[in-house]
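Chemist: need a structure here:
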Amino acid sequence: MTPVHEPDELLTIGEMSRRTGVAPSALRYYEDLGLVGSVRTAGNQRRYPRHMLRRVSLVTVAKRLGMPLADVGEAFGDVPMESTPSHADWQRASRRWKKRLEERRRAIERLEHELTGCIGCGCLSLKACALLNPDDALAEIGPGPRRLEDVVEDADEELDGDDVA
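Modeler: Numbers count the residues shown, from 1 in each chain. I've put the predicted structure just below:
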């Protein structure tokens, strides 16, 4: 017989770790970042509400995809931690996350395009650099792949100006 779990059931850090495959140290770190939440017992032990399983699982997926934890935190934005989130709460988070993923996809596509030519590193090693970076002008801006970094920064600025309700 399958055990019945109450929605307000609290799980120990060990149970959370076993269920999610995430080390207890990582769970504590996610909690420090505000990605997950717990309550404390009288003996100061962490207890995680059952609904935190979903949050931890989504953090795990995001990490596998290379998403920054700050992006995950933004996506979770107004998803409540003190009570079981509603379907609408998760839909809002999903829309925010989808927008961020679309921006990352566009940045990756721009990177793919740039990699077929010069990435603007200032090395002048390709014939194209004479056209895209005449006289190594990008060196004045700073070291590294300036054109590529500008594209990523532009994408981040575009996202910072957008609010998703």
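
Chemist: next one: the longest helix seen in the chain to chain centre, how far?
Modeler: If each helix of the chain is counted by residues according to DSSP state H, the longest one is helix 87-115. With C-alpha atoms, centre = their mean, to the nearest Å as the basis, helix 87-115 stands 10 Å off its chain's centre.

Chemist: likewise stretch 83-96?
Modeler: Offset of stretch 83-96 from its chain centre (C-alpha atoms, centre = their mean): 16 Å.

Chemist: Regarding stretch 38-49, how distant is the last residue from the first?
Modeler: Start and end residues of stretch 38-49 are separated by 7 Å (C-alpha to C-alpha, to the nearest Å).

Chemist: May I see the buried residues of it?
Modeler: Ser38, Arg46, Arg47, Tyr48, Pro49 (16 or more other C-beta atoms under 10 Å). Using the backbone N, CA and C atoms, a C-beta is placed for each residue, glycine as well.

Chemist: The residue lying closest to the last one once chain neighbours are set aside: what's it in contact with?
Modeler: Residue nearest to Pro49 in three dimensions, not counting chain neighbours: Leu10, with 6.2 Å by C-beta to C-beta, 6 or more residues apart in numbering. Contact analysis of Leu10 by C-beta atoms under 8 Å, 6 or more residues apart in numbering lists Val39, Arg47, Tyr48, Pro49, Arg50.
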